[in-house]
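Asks: Below are the sequence and a predicted model; questions follow.
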Amino acid sequence: MIVHRFMSDLEYRHLMRGDTMTNTTVHKNRGRKSTSVGFCFFTEPPEEAIHWLSFNVCTEWCVTFDIPDQLLTKSKAHYRDPEHDSFLTPSSIWRTEWCLQEYSLSDVKVIGATEKWKYYAENLKRQVVEELGPLGQLLIDTFC
């Protein structure tokens with residue numbers, strides 16, 4: 001299955017070094033509305049997903065993978081709904097995710113990687129502050 005994952009530079013370096021990546025986080029135990037466990041991947045185009053993921057994940061790298069279907073578990077999680085959401089009227093929607101708890105380059109194939117969205121969330125936050133002034137900064141500090 002072709003999937004994508006936003007990740008930090010540190011995670012990306014570990015992956016590219018050939019390390020086995022392990023994550024057993026049960027996301028609902030961290031206060032999230034989620035059935036996901038471990039690393040989460042999405043199938044939507046990154047250009048679309050960035051809008052609902054940007055305040056929830058690190059966007060330093062976006063990596064596209066080909067992962068055998070049998071390694072992935074279908075799950076769902078609540079994310080912001082960019083079509084109906086604003087800081088003053090938050091809205092969220094269930095999204096399908098694909099998860100696994102452990103993988104390495106011996107299990108998956110990296111198709112591509114980009115830093116295209118590295119500053120997306122930072123720029124979005126700056127835009128909110130520019131548009132709303134001190135109220136924007138208060139909202140960023142409260143919700144992000």
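Replies: Structure received. Numbers count the residues shown, from 1 in each chain.
Asks: Distance from the chain centre to whichever strand or helix holds residue 13, please.
Replies: Residue 13 belongs to helix 9-17 when assigned by DSSP states H and E. How far helix 9-17 lies from its chain's middle: 16 Å, per C-alpha atoms, centre = their mean, to the nearest Å.
Asks: What mean pLDDT does that helix get?
Replies: The average pLDDT for helix 9-17 rounds to 95.
Asks: Give me the contacts around the helix or strand that it is followed by.
Replies: Proceeding N to C from helix 9-17, the next assigned helix or strand is strand 21-22, under DSSP H and E. With contact meaning C-beta atoms under 8 Å, 6 or more residues apart in numbering, strand 21-22 is reached by 11, 14, 15, 39, 101, 102, 103, 104. The C-beta positions use only the backbone N, C-alpha and C, and glycine is treated the same way.
Asks: Relative to strand 21-22, what are the paired strands and their orientations?
Replies: Paired with strand 21-22 in the same sheet, following DSSP bridges, are strand 102-103 (antiparallel).
Asks: after the partner strand, next one along is what?
Replies: On the C-terminal side of strand 102-103, the closest following helix or strand by DSSP H and E is strand 109-114.
Asks: Convert the C-alpha atoms of that next one to CSV, please.
Replies: Taking C-alpha atoms only, strand 109-114 is exported to CSV below (Å, rounded to 0.1, in the frame of the first residue of the first chain):
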residue,chain,number,x,y,z
LYS,A,109,10.3,0.7,0.6
VAL,A,110,10.8,4.5,0.7
ILE,A,111,9.5,5.9,-2.6
GLY,A,112,10.2,9.6,-1.9
ALA,A,113,10.9,12.2,0.8
THR,A,114,10.5,15.9,0.9
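Asks: secondary structure class for residue 78?
Replies: strand (DSSP: H, G, I helix; E, B strand; the rest coil).
Asks: Could you do residue 58 as well?
Replies: Under three-state DSSP, residue 58 falls in the coil class.
Asks: That one touches residue 5, doesn't it?
Replies: No. In this structure, residue 58 is not within contact of residue 5 by C-beta atoms under 8 Å, at 10.3 Å.
Asks: how about low-confidence regions in this structure?
Replies: 54-55, 85-90, 136, 139-144 (pLDDT under 70).
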